[in-house]
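Participant: Kindly return the folded structure for what I paste below:
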Amino acid sequence: MTYAIRTICVLPIDAFASLITKAQPVQPGHLIPIASRTAPFNEESPIFELVDEVLAGHDESHISNGSIPHGGKFSLLVAVERDAPFENHALEQVGMWESEDELVHFAPLPYANDLATLSDLDRAYSAGYLENDPRVILAIPMQGVGQVGPLPDLISNLVWIGIGNLIALVGVGGKELRLTSKARQIAQSFVKRGIYGSETIRFWAATRDEWTSTVAAKKLGVSVSTMEEIFDALGYVKRFEDQTWRLGRPEKYALRYQEWIDAEPSARQLPLADD
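Facilitator: Next up is the predicted model:
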């Protein structure tokens, strides 16, 4: 990056329904920040803490629909322009980012990015998850969002799709299916990083035209063998020439890709034995 300072702007709560969910038309006031601040390039605090600082002492009567609680959730966007008001078509939503250990993270709730840091957004830009340099960041407060479950049905869904090394046969005669200890570790890691459905993995895989098994496995946080099973189930094909995985074009690969989509979100799951 060639700059030392970036700007964090907070938009009105009403902007969420117009800019994120598209539930209502964009009004001119939705694109004008209610508060803003600058932050050093190397700032490592979670963005929601910086937003709290922006709003500290701010007149809450200017915030539509009431006050914003400390530590509330926010949807993040990156602006192409540097000056407000921002144009609606020039805003890019932050959907995924990478932590310092290169693991990919997603919003823990739809549209909520409260755990990301500014450096995470830089890594998202470098990884190709963002098209625009995160120099001007917009935060839209959210209200009325629920909670997600502690353990996703994603693992069982992946087993149904064909990721076989995540389960073991148990019980009398080996007739029951149970998650392996490795699968439970993966599930816990997925929960922490906002991965709650197989569609999330599909969206992430599509951020690149090609992947190597080792790079993809490191970013998703799974073993190379599990990553290759995921690619195979997604309808990707491994090229002999350079050992990269790409989405297959022949009919049989397109069929696998469609089968993956048909199983979303966790629509088809194998019955797993209780512990």
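
Participant: hey, which helix or strand in this structure has the poorest pLDDT?
Facilitator: Among the helical and strand segments of the chain, the one scoring lowest on mean pLDDT, DSSP states H and E is strand 167-170, with a mean of 50.

Participant: list the contacts for S75?
Facilitator: Applying CB atoms under 8 Å, 6 or more residues apart in numbering, we find S75 in contact with F16, I20, Q93, V94, Y111, A112, N113, A139, I140, M142. For the C-beta atoms, the positions are set from N, CA and C on the backbone; glycine is no exception.

Participant: and if we set it to 7 Å?
Facilitator: Residues in contact with S75 (CB atoms under 7 Å, 6 or more residues apart in numbering) are F16, I20, Y111, A112, N113, I140, M142.

Participant: does N132 count as helix, strand or coil?
Facilitator: Three-state assignment for N132 (DSSP: H, G, I helix; E, B strand; the rest coil): coil.

Participant: Tell me, how many residues neighbour it?
Facilitator: 15 (other CB atoms under 10 Å).

Participant: I'd like to know the average pLDDT value across the one helix or strand V54 maps to.
Facilitator: In this structure, V54 sits in helix 47-55 according to DSSP states H and E. Average pLDDT, helix 47-55: 81.

Participant: ok so, going back, show me which of the contacts of S75 has the smallest pLDDT value.
Facilitator: Y111 (67).

Participant: centroid residue for the protein?
Facilitator: Note on the chain: the residue nearest the mean C-alpha position is F106, at 2.0 Å, using CA atoms, centre = their mean.

Participant: what's that residue in contact with, if anything?
Facilitator: M96, R193, G194, I195, T200.

Participant: Next, find the distance separating the second one from W97.
Facilitator: Distance check for R193 against W97: by CB to CB, to the nearest Å, it reads 10 Å.

Participant: pull the CA atoms of stretch 194-201 into CSV?
Facilitator: Provided in CSV are the C-alpha atoms of stretch 194-201 (Å, rounded to 0.1, in the frame of the first residue of the first chain):
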residue,chain,number,x,y,z
GLY,A,194,-18.1,-17.8,9.8
ILE,A,195,-18.4,-20.8,7.6
TYR,A,196,-21.9,-22.2,8.2
GLY,A,197,-23.0,-23.6,4.8
SER,A,198,-21.5,-25.4,1.9
GLU,A,199,-22.5,-22.5,-0.4
THR,A,200,-19.9,-20.4,1.4
ILE,A,201,-17.1,-22.8,0.3
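
Participant: Quick check: chain neighbours aside, which residue is closest to S18?
Facilitator: Leaving aside its chain neighbours, S18 sits nearest to V26 (4.4 Å; criterion: CB to CB, 6 or more residues apart in numbering).

Participant: My guess is that neighbour contacts F86. True?
Facilitator: No. The criterion here is CB atoms under 7 Å, and V26 misses it with F86 at 10.4 Å.

Participant: got a pLDDT number for the residue nearest to the centre of the chain?
Facilitator: At F106, the model reports a pLDDT of 87.

Participant: next one: phi and psi at T21?
Facilitator: Taking degrees, to the nearest 10, you get phi -80, psi -10 for the backbone angles of T21.
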